[in-house]
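# need a structure here:
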Amino acid sequence: MTSPRVLVLRALGLGDLLAGVPALRALRRGFPGHEIVLAAPAALAPVAEATGAVDRLLPASAPGRGVPRALGWTGPPPDVAVDLHGNGPPSHRLLQALRPARLFAFAHPDTPDIEGPAWYRDEHERDRWCRLLDFHGVDADPADLRLPRPDAPSPAPGAVVLHPGAGAPARCWPVERYAAVASALRGRGLRVVATGGAGEDDLVARLAKEARLPDTDVFSGGLPFHRLSALVAGARAVVSGDTGIAHLAVAHATPTVTLFGPVPPSHWGPPPHPRHLALWHGPEGDPHARRPDPALLRITPDDVLDALHRLPPPEEPAP
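The predicted structure is shown next:
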């Protein structure tokens, strides 16, 4: 006899998955005898494992982080299906097609047969999914987002990590400004490393060239998760736009300076804590624009350097 199963749909990126960790852990606690299956991109399997809340990853993705056309689900229908992908209706219908005994999702007028809470556009992502589970009787804590410290050593312990890339051009602070920050920090005797995800090699190379970073301090091409996690966990601070590495730094209690625009930190920002500073001048803009958002461009290198100066030192790792 197979164990009861909970299927969770979140076929998105690294930052999205990390923002969903509190909800995943709530499901783990709420359904202790169930297998928790996460439908997400295959590359995120190590991240899902690190959360301690997922038993198995079901590879699922779509271009542009859309709703997958189908899921490779086998066996009996899920006992519970949870839509953490969006507010529907395509994601609702994808899960409905599997005939789950229960479906947790937000209400949508195009799927009136699904009971759920109202969707609020201006709600933080972590709070949103916890509220969904609370509605369905599963206690969730939006602050439950820390990851265990990696076993591997950092490839650059104590460095300030600069990550110039982001998932969309509108969220990319200019490379020359990152280079100005890097040069100023190196002038103070600090080690600075540059990272980039898949497809961001040109950005990292430009930053490295303008800031005259040695090859040993350049990590491009998309580091494997275990190595990126070790780098971030052992960093002095992480400076980036609103993208996955910022969420990873929060999960490891590494100090962050996160540059926001066009989306405000009230939607995706770090939790309130002195070690996390979100820079935001507003107003809200177009997240799909093909150039850096005007709100993002209002942030200067001096703003970033001042924020870094105000950060507390990283926490000592737990014994």
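
# Only C-alpha atoms from now on, for both contacts and neighbour counts.
Noted.

# Counting neighbours, what do you get for residue 43?
As a burial measure, residue 43 scores 14 neighbours (other C-alpha atoms under 10 Å).

# Next, residue 29: secondary structure please.
Three-state assignment for residue 29 (DSSP: H, G, I helix; E, B strand; the rest coil): helix.

# Next one: it from residue 111, what distance?
Noted for residue 29: a distance of 28 Å to residue 111, by C-alpha to C-alpha, to the nearest Å.

# where along the stretch 201-319 of the chain do the helices fall?
Ranges of helices in the stretch 201-319 of the chain, per DSSP state H, counting those that start in this stretch, are 201-211, 225-233, 244-251, 265-268, 294-297, 301-310.

# The longest one - contacts with which helices or strands?
Other helices and strands packing on helix 201-211, by 3 or more C-alpha pairs under 8 Å, 6 or more residues apart in numbering; DSSP states H and E, are helix 175-187, strand 192-195, strand 218-219.

# same thing but 10 Å
On a contact count with 3 or more C-alpha pairs under 10 Å, 6 or more residues apart in numbering; DSSP states H and E, helix 201-211 meets strand 160-163, helix 175-187, strand 192-195, strand 218-219.

# strand partners of the first one, parallel vs antiparallel please.
Yep, that's strand 160-163 we're talking about. Here strand 160-163 is paired, per DSSP bridges, with strand 192-195 (parallel), strand 237-241 (parallel).

# out of those, nearest to residue 186?
Smallest distance to residue 186 across those (C-alpha to C-alpha): 6.7 Å, for strand 192-195.

# Output the closest one as CSV, nothing but the C-alphas.
Below are the C-alpha coordinates for strand 192-195, written out as CSV (Å, rounded to 0.1, in the frame of the first residue of the first chain):
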residue,chain,number,x,y,z
VAL,A,192,35.1,41.1,-3.3
VAL,A,193,33.8,38.2,-5.5
ALA,A,194,31.4,38.3,-8.4
THR,A,195,28.8,35.7,-9.1
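
# how far does that strand sit from the chain's center?
19 Å (C-alpha atoms, centre = their mean, to the nearest Å).

# Residue 279 is nearest to which of the strands paired with strand 160-163?
strand 237-241 (9.5 Å).

# quick one: the closest one to helix 301-310, angle?
Strand 237-241 runs at 150 degrees relative to helix 301-310, counting by axes from the mean of the first three to the mean of the last three C-alpha atoms, to 10 degrees.

# how's this protein carved up into domains?
5-135, 160-310 (automatic domain parsing).

# how about the strands of the stretch 51-200 of the chain, start to end?
Secondary structure of the stretch 51-200 of the chain (DSSP state E, counting those that start in this stretch): strands located at 56-59, 80-83, 102-104, 160-163, 192-195.

# Could you export the ones you listed to CSV, including columns for mean pLDDT?
Output for these, formatted as CSV (pLDDT from 0 to 100):
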stretch, mean pLDDT
strand 56-59, 98
strand 80-83, 98
strand 102-104, 98
strand 160-163, 98
strand 192-195, 98
